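Colleague: Predicted model, plus sequence, below.
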Amino acid sequence: MTELTLKINGEDVTANVEPRLSLADFIRDHRRLTGTHLGCEHGVCGACTVLMNGEPIRSCITFAVVADGTEITTIEGFDDDEPMAQMRQAFHENHALQCGYCTPGMLVAARDIVTRLPDADEARVRLELAGNLCRCTGYVGIVNAILEVLEKRRS
Amino acid sequence: MADGGTGHGIGARVLRKEDWRFLNGVGRYVADIARPRLLEAAIVRSPVAHGRNLKVTVPEGADYPVFTADDLAAAGVKPIHVVSKYPGHQAADYPHLATGKLRFVGESVAVCLAETRAGAEDLAAQTGVEFDPLPPVIDMIAAVEDTAAKIHDNWDDNVILDSLFEANAEGMAGAAISVTRTFRMNRQAVNPLEGAAVLAEWDARDGRLVVHSSSQIPHVLKNALCECLGLRQNQVHVIAPDVGGGFGYKCVLLPEEIFIPWVAMQVKRPVRWIQDRREHLIAAANAREHHYSVTLHANPDGSFIGIEADIIVDSGAYSVYPHSNILESTMAGRTLHGPYKLSAYSVRSRAVATNKPPIVPYRGVARPGICFAMELAIDAMARELGREPFDLRMQNLVPPESMPYSTITGGQFDSGDYPEALRRAMALIDVPAIRARQQQVEADGRLIGIGFGCYIEMTALQTSAAARAGLAAIPGYEQAHVRLTPDGGLEIGVGVQNHGQGMETTLAQVACEKFGLDIDLVAIRHGDTATSPYSTGTYASRSMVMAGGAIARTCDVLGGHIRRIGAHLLQCAFDDTRIENAAVVGPSGEVSFAEIARVWHRNPEELPADVDPAGVEVTSGFRPSPDNSPFSYATHAAVVAVDPDLGHVEILDYVICEDCGTIVNPMIVDGQIVGGLLQGVGTALFEESRYDDQGQPLSSTFADYTMPGPTHLPMVRLDHLVTPSPLTEFGVKGLGEGGAIPPPAAIANAVNDALRGMGVELSETPISPRRVLAGIAAAR
């Protein structure tokens, strides 16, 4: 067991974990924050995307012990975040979700795009999204939602 | 609109009621549910495609027992056994855990338990699986040869069902034009982003088994649990919470849905099994895989006479509950005609067993395959005749004046204007501009092509047709339960299962349409066998037609009850009342639903003498009469650029003109179409569950199995025809599957159009760079 100290959604957390435990399993099963989803567990689908020190990572292929000393933000941790509020509303209005399973990871990735790349066009948005799979929507609503938030933030 | 101006009735672009929980990370999928003393399960799976004399060695000293087929047999657990009423259907037991023989890589062999999944996987790794290997049967064509090993020892051969669909076959003799081709659509995994998931516990207080499963068919799963485990219906409670996509994969019973609950009963603790992606890609590579030899016959003027075909569907090792393993082969055989007029038909269709996972009805069910075969054959004929492919289609589509149209195989198209869908798709994609562009040389050396795909989809399969076809599972009437709540809102129970389609919104819109209620006052309850009416579940693009119809009919009955109370309160005759804006309106005033609900629930002393004691909650139902199915249809058109050096195919433009009858919610209709389309793009260009010659899966990660992503399709353009079905409430037709049906056909036709000058004709999905380059090399 390895001791681990980190911040999750602003809360200080200390735990003893197996070295092989993934950050995703730690977040979901140990901290019971189940908004972070597991879609492939090998780092392709992006459903498990969370922020580590403000940058998106795949929590399924990140060991929990690697997160020692970091700040993690999960989908449950964006209540007072303006870009996320804009993104949630845009997802709702653009039908950017169906079954909802990819949505938390998709939102974290989408929020990262609009905050990091304010001038992104459609092609760039699609390229940046390529690390997140959605099986339901054909991505149309998702891309439209991101473009809408980009436009809103530019004006 | 009759929704009283709330803007929430049929046709309104209502934003989804279910979105909030998903956007905020508080959806609840099976894996999100915790239980005290929960044990996690890992499954030992077959490492080979074919073997016998299976011996499982359980590791010693484990904290929890490991369960095998012997344990299930000793307890009298019955295997899955599904045989259709189709004459000649060979069916075998589908053991929950492999028994004696191993029949595909990934078949469940043993269950290991531990406090964590990792611990359970440790135990699984220590469990020994011994067997004598047998030659595997991997290719469906080889499977029917006499020399092939037999999947089931007591069968004569590997043919599950050999069926012939024939009408006026002699009419094709001496046809002036005959075009023969072979086509193959390869195997896929359905890949909902949430895989299968089961959480089971025995509730000792109530004496019942409680099973959470990511299922499209909770009531049918309950039947299966009762049948296999020997429990009474009142001893089983199935809950399907939020379901992270299904697409047909979750409308069949998985062995895990039986043996995980049984194991939970043995250890007297909650047990959870969450399928991981690798398990899905290996054990659930179970969709599509059709082979066609097709000859299309026509007169010299291009009018079709008929079609001859030999179809083989690789149906895997077992027959699944409840739909069996002949759904694809018989549907393919019966409806290869698509939306075209034919006067002769001779189609043999065989479902064959192989050492692969058992086939399930993935979105589109057989029709992506038959559309691919028919539409590519039409393009081949157009090339032979020197005709434009759209022109040849236009000549042969069933025209609107022939509706309702009886097909050569006994089906009936209810309504629609098939040629108009093609005309509009042609206009949108701008055929002359593409043809002009093809005359120019592209700066990047790529070749441009345009392709079409037309289809019909029989939606909301009905009782008579299913019974006539001898299907194993036959749907009947659909029910809804509607309650006027004490505050004047509605709670509506349905047995169909929302798994992303937005039914918590669209089904509520039906009640809004009937009563003029605000949609915030309408709640749809589903996914729980204890609180919803019995239903065969969500599949066959049936839920909006059937559950929507049931809600409409039930609201009509409930409306009568509400009006009777309203008439009493308004001191007027029943016949002088009507319902508007969630109120009963009479000649001299109105009384709100909230007021009527107050009287019924809290002040019954104010009720009239002739009130119906059934009150303000009603269960009623719907089925079309006659019970024919509404047919949706569309034309898809694609423009592609093919790189002849790299074999890469890019979709430059894509348009769809479709008709799903009356549109309930245009936003959700578009979402279903585009979502289906991208799955069809996956079939066309990327997705393939490949095997080596020993039946070892070669596509067991998302690195080896390419899923369509956000860069694979440009913004598509949709156009809608609206021909209300005469058969259904509001004229709706099913919609959920259609988007996935023609993309392989339209895209392949576009690729072949692009490569026409090189003499290349591709005939197999997915059209990978390797296949494009091989086609070009072969033509040189």
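Modeller: Structure's in. What do you need? Worth saying up front: this structure is predicted, and the values here are computed from it rather than measured.
Colleague: and residue A:34, what does it touch?
Modeller: A:28, B:25, B:28-29, B:31-32 (C-beta atoms under 8 Å, 6 or more residues apart in numbering or on different chains). C-beta: built from backbone N, CA, C; applies to glycine.
Colleague: Am I right that residue A:79 is in a strand?
Modeller: No. If the criterion is DSSP: H, G, I helix; E, B strand; the rest coil, then residue A:79 is coil and not within a strand.
Colleague: So in terms of bridging, what pairs with the residue found closest to residue B:554 once you drop the neighbours it is linked to in the chain?
Modeller: Excluding the flanking residues, the one nearest residue B:554 by C-beta to C-beta, 6 or more residues apart in numbering or on different chains is residue B:620, at 4.1 Å. When assigned by DSSP bridges, residue B:620 has beta-bridge partners residue B:480.
Colleague: tell me which element residue 148 is part of?
Modeller: The chain I'm using is chain A. In this assignment (DSSP states H and E), residue A:148 forms part of helix A:140-154.
Colleague: you looked at the wrong chain, it should be chain B
Modeller: For residue B:148, there is no helix or strand it lies in under DSSP H and E.
Colleague: Isn't it up against residue B:159?
Modeller: No. The criterion here is C-beta atoms under 8 Å, and residue B:148 misses it with residue B:159 at 10.3 Å.
Colleague: Among these two, which residue is more densely surrounded?
Modeller: Neighbours were counted for residue B:148 and for residue B:159 using other C-beta atoms under 10 Å in any protein chain shown; residue B:148 has more, 20 against 17.
Colleague: how far away is that one from residue B:137?
Modeller: 5 Å (C-beta to C-beta, to the nearest Å).
Colleague: Residue B:127 now?
Modeller: Counting by C-beta to C-beta, the separation of residue B:127 from residue B:137 is 26 Å.
Colleague: Now do the same contact list for whichever residue of the stretch 1-150 of chain B sits closest to chain A.
Modeller: Per C-beta to the nearest C-beta, residue B:25 is where the stretch 1-150 of chain B lies closest to chain A, at 2.2 Å. By C-beta under 8 Å, 6+ apart, residue B:25 lies in contact with A:33-36, A:74-76, A:104.
Colleague: re earlier: let me have the contacts of residue A:34 in TSV, extended by pLDDT.
Modeller: Formatted as TSV, the contacts of residue A:34 follow (pLDDT from 0 to 100):
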residue	pLDDT
A:28	98
B:25	97
B:28	98
B:29	98
B:31	98
B:32	98
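Colleague: Out of those, which is nearest to residue B:271?
Modeller: residue B:31 (13.3 Å; C-beta to C-beta).
Colleague: show me the contacts for that closest one.
Modeller: A:28, A:34, A:37-38, B:194, B:197, B:272, B:274.
Colleague: One more: residue B:308?
Modeller: Counted by C-beta under 8 Å, 6+ apart, residue B:308 has contacts B:169, B:172, B:294-295, B:297, B:346-347.
Colleague: so what's in contact with residue B:148 and residue B:137 at the same time?
Modeller: Common neighbours of residue B:148 and residue B:137 (C-beta under 8 Å, 6+ apart) are residue B:158.
Colleague: How is chain B divided into domains?
Modeller: Annotated domains of chain B cover B:19-26+B:477-622, B:35-134+B:190-284, B:287-464+B:626-779 [automatic domain parsing].
Colleague: burial of residue 22, as a residue count?
Modeller: No chain specified, so I'll use chain A. The burial count for residue A:22: 22, using other C-beta under 10 Å.
Colleague: Chain B was what I was after
Modeller: Neighbour tally, residue B:22, other C-beta under 10 Å: 27.
Colleague: Can you classify it by secondary structure?
Modeller: Applying three-state DSSP: residue B:22 is helix.
Colleague: I'd assumed residue A:102 was in contact with it.
Modeller: No. If you go by C-beta under 8 Å, residue B:22 and residue A:102 don't touch, sitting 9.5 Å apart.
Colleague: Do a quick rundown of the strands in chain A.
Modeller: Counting by DSSP state E, chain A has these strands, from start to end: A:2-8, A:11-17, A:49-52, A:55-58, A:71-73.
Colleague: again, but for the stretch 51-200 of chain B
Modeller: Using DSSP state E, counting those that start in this stretch, the strands of the stretch 51-200 of chain B run over residues B:51-57, B:67-68, B:108-114, B:128-133, B:159-167, B:177-188, B:197-203.
Colleague: now swap in the stretch 201-350 of chain B and tell me
Modeller: B:208-213, B:236-239, B:271-274, B:287-298, B:304-314, B:344-352.
Colleague: now the stretch 501-650 of chain B
Modeller: Using DSSP E, counting those that start in this stretch, strands in the stretch 501-650 of chain B cover B:522-525, B:578-580, B:583-586, B:589-592, B:617-622, B:631-642, B:649-659.
Colleague: Which stretch among the ones you listed is buried most, on average?
Modeller: strand B:631-642 (a mean of 29; mean count of other C-beta atoms under 10 Å in any protein chain shown).
Colleague: Paired strands for that strand, with orientation please.
Modeller: strand B:447-458 (antiparallel), strand B:649-659 (antiparallel).
Colleague: after the last one, next one along is what?
Modeller: Put plainly, it is strand B:649-659. Following strand B:649-659 toward the C-terminus (DSSP H and E): helix B:666-681.
Colleague: go on, the longest one?
Modeller: Counting by DSSP H and E, the element after strand B:447-458 in chain order, helix or strand, is helix B:463-468.
Colleague: residues in contact with residue B:229?
Modeller: For residue B:229, the contact set (C-beta under 8 Å, 6+ apart) comprises B:77-78, B:209, B:258, B:261-262, B:265.
Colleague: Repeat that for residue A:1.
Modeller: A:16-18.
Colleague: what's the answer for residue B:207, then?
Modeller: residue B:235.
Colleague: Against residue B:427, how distant is it?
Modeller: Taken as C-beta to C-beta, the span from residue B:207 to residue B:427 is 64 Å.
Colleague: What residue in chain A comes nearest to chain B?
Modeller: For chain A, C-beta to the nearest C-beta, closest residue to chain B: residue A:35, 2.2 Å.
Colleague: per-residue pLDDT, that residue?
Modeller: On pLDDT, residue A:35 comes in at 98.
Colleague: Go through stretch B:231-250 and flag the buried ones.
Modeller: Within stretch B:231-250, the residues scored as buried using 16 or more other C-beta atoms under 10 Å in any protein chain shown are B:231, B:235-250.
Colleague: Leaving out chain neighbours, which residue sits closest to the residue nearest the centre of chain A?
Modeller: Compute the mean C-alpha point of chain A, and by C-alpha atoms, centre = their mean the closest residue is residue A:108, 3.1 Å away. Nearest residue to residue A:108 in three dimensions, chain neighbours excluded: residue A:49, at 4.6 Å (C-beta to C-beta, 6+ apart).
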